[in-house]
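1. below are the sequence and a predicted model; questions follow.
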Amino acid sequence: MLHMPAHPAEAEPARDTTSAQAQIAFFDAVERGRLGEVEAFLAQGFGANDVQGYGFNVGDSPLMKAAQQGNAQMVKLLLRRHADVNYRNANDGETALLRAAKFAGSGGISDTHAVDFRQTLALLLKAGANPDTPDRNGGLPLFFAPTTWAIQALLAAGADPNAASSRPPLIEHAHDPARVRLLLAAGARPDVRDAQGVSALAVAAEKGSLASVRQLLAVMPPDAVRGADADGHNALDAAARGGDAGIVRLLLAQGLPATERAVRAAATQGHLRAARLLHRAMDPPQWPPLEAGAPAEARVYLLILQQKPQEALAAYRAFETVACGRMTPLASAVDAGNVEAVRALLALGVDVNHQTPAPLRSELVPQPQTSSGLPRLVHVLPPPCNDASLAPQAGSPTLPVGRLPFASAPGAESALPPAGFWTDNALMRALARDHLEIARLLVAAGADPALRSHYPPHASAQAWLQAHPPSRGASLAAWKKLLKLSRP
């Protein structure tokens, strides 16, 4: 039988599946988890292997979108339609599996689909996704996996913990003892180093993970334990920066030499117990010299360590006088959650209610070179903060001393203080970071919960708590009691 082609008037018109306008609706339906709409699009000629050609995620496939959302049902649909499970985005080199691994710890809520990264990961691996395909920068799914169960799933599927990469998974996860245990059990080399020569041991030491350090020391050869990175820093230097005295003690017992550099690193961060251990281990014991250009914290803490409290307090007050919006050592210690440093500074008798002085005036400064062209609100500080001689050295990321930008005014460009500038007090810092133990120390030392900032929004610790209560009920009750907000 002869089959004649359909008359042009009767043929189904060709559908546009490649233009940005057509793609937007399709990829939006995938990303939002609208299963029925995606099935309709596929029936109309869109493909499970179409590549996004517009927007910030150019090069993504539908499967990558679904995997990133943890939408197992959408992943299942696309795999049934022969989606390429190992397709790589030509721009970032990522795959659907890498996206699923990277976002596996994000949770999330959707009104269109169940968020299930476990099943998503399992579906991709069952379909043959290669767990050792890196992204453009050499990052592996094992590197990005943010949870222990995701690492387990990847290893069970044959992921190689020693796959060639500039970003070794063991180093990324060195802070977590459970992940270290999994990777070592799977054969990860304990002496692996990244492109800068940093070891997993150094990362674990700096992060304060004593359990990880013990696991690594148990399987590392002595030479690897004593090895240094490209800058000549070893695991003991990292431990000094991290400040865990137990780790410092453990590495000293491994024969790593205590140096002036390590003592200075610990002292600068206010890790006083670690600094004392390192000092005693030096041969002969000696404190680093007090250098003229050293940070205020280093000078104050070194004087405390040398049992010179009056000199330490004088150095602290000297800096406080000219801080002019820069954080004091007490504020920095509160920010870091460093209880031992806070205790040591309070023992000196520092001003627990110190804050940046009130401005002489506030003015709108034109910003014609900015994209918006809107002015910026700048607060002009009183002497000595208006003295140009007190300005930071060239290259500092701060503004000239005496001109401190803060909250935007109506019709003005929003401008937050640069790094290092602060306009509240130590108690508010502790509250904002939910450091209840530190806050109790501050209040016991005389911190005023009702003290208001000189700068917008002129909040006190009490006002801040009422506007930003912590999510944990027990913590909220304790904060209310401490800040004198509880009903009698």
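-> Received it, and whenever you're ready, just let me know what you need. The structure displayed is predicted, hence computed values, not measured ones.
2. all helices for the stretch 201-350 of the chain, in order.
-> All helices of the stretch 201-350 of the chain, identified by DSSP state H, counting those that start in this stretch, fall at 210-219, 222-225, 235-242, 245-253, 260-268, 272-281, 296-305, 309-322, 329-336, 339-348.
3. if you count neighbours, what's buried in the second one?
-> Going by neighbour count (16 or more other Cβ atoms under 10 Å), the buried part of helix 222-225 is Ala224, Val225. In this view, the C-beta of every residue, glycine as well, is placed from N, C-alpha and C.
4. neighbouring contacts of that helix?
-> Helix 222-225 is contacted from outside by Pro190, Asp191, Ser199, Leu201, Leu217, Ala235, Leu251, Gln254, Gly255, Leu256, using Cβ atoms under 8 Å, 6 or more residues apart in numbering.
5. what pLDDT does the fourth one get?
-> It refers to Leu201. pLDDT for Leu201: 97.
6. what about it, neighbour count?
-> Per other Cβ atoms under 10 Å, the neighbour tally for Leu201 reads 32.
7. wait, it sits on His233?
-> No: Leu201 lies out of contact with His233 (Cβ atoms under 8 Å); the separation is 11.9 Å.
8. chain neighbours aside, what residue packs nearest to Thr258?
-> Just so we're on the same page, residue 258 is Ala rather than Thr. Spatially, and ignoring its direct neighbours in sequence, Ala258 is nearest to Ala281 (3.8 Å; Cβ to Cβ, 6 or more residues apart in numbering).
9. no, scratch that, I was asking about Ala157
-> Leu125 (4.3 Å).
10. next one: Gly128
-> Computed as Cβ to Cβ, 6+ apart, the closest residue to Gly128 that is not its neighbour in sequence is Val85, at 5.6 Å.
11. what residues are up against the one you found?
-> Leu63, Leu79, Thr95, Ala96, Leu97, Leu124, Ala127, Gly128, Ala129.
12. quick one: the fifth one is in a helix?
-> Yes: the assignment for Leu97 is a helix, going by DSSP: H, G, I helix; E, B strand; the rest coil.
13. sorry, back to before: if I've got this straight, the residue nearest to Ala157 is in a helix?
-> Yes: membership of Leu125 in a helix is supported by three-state DSSP.
14. so what's Trp422 closest to, chain neighbours aside?
-> Met327 (5.1 Å).
15. per-residue confidence for that neighbour?
-> Confidence at Met327, expressed as pLDDT, is 87.
16. so how far is Asp176 from it?
-> 30 Å (Cβ to Cβ, to the nearest Å).
17. returning to that earlier point: pull out the buried members of the contacts of Val85.
-> Those of those that meet the buried threshold are Leu63, Leu79, Thr95, Ala96, Leu97, Leu124, Ala127, Ala129, by 16+ other Cβ under 10 Å.
18. thought the fourth one was touching Ser61?
-> The one in question is Ala96. Yes: because the distance of 7.0 Å satisfies Cβ under 8 Å, Ala96 is recorded as touching Ser61.
19. which residues do the two both contact?
-> Counting by Cβ under 8 Å, 6+ apart, the shared contacts of Ala96 and Ser61 are Ala83, Tyr87.
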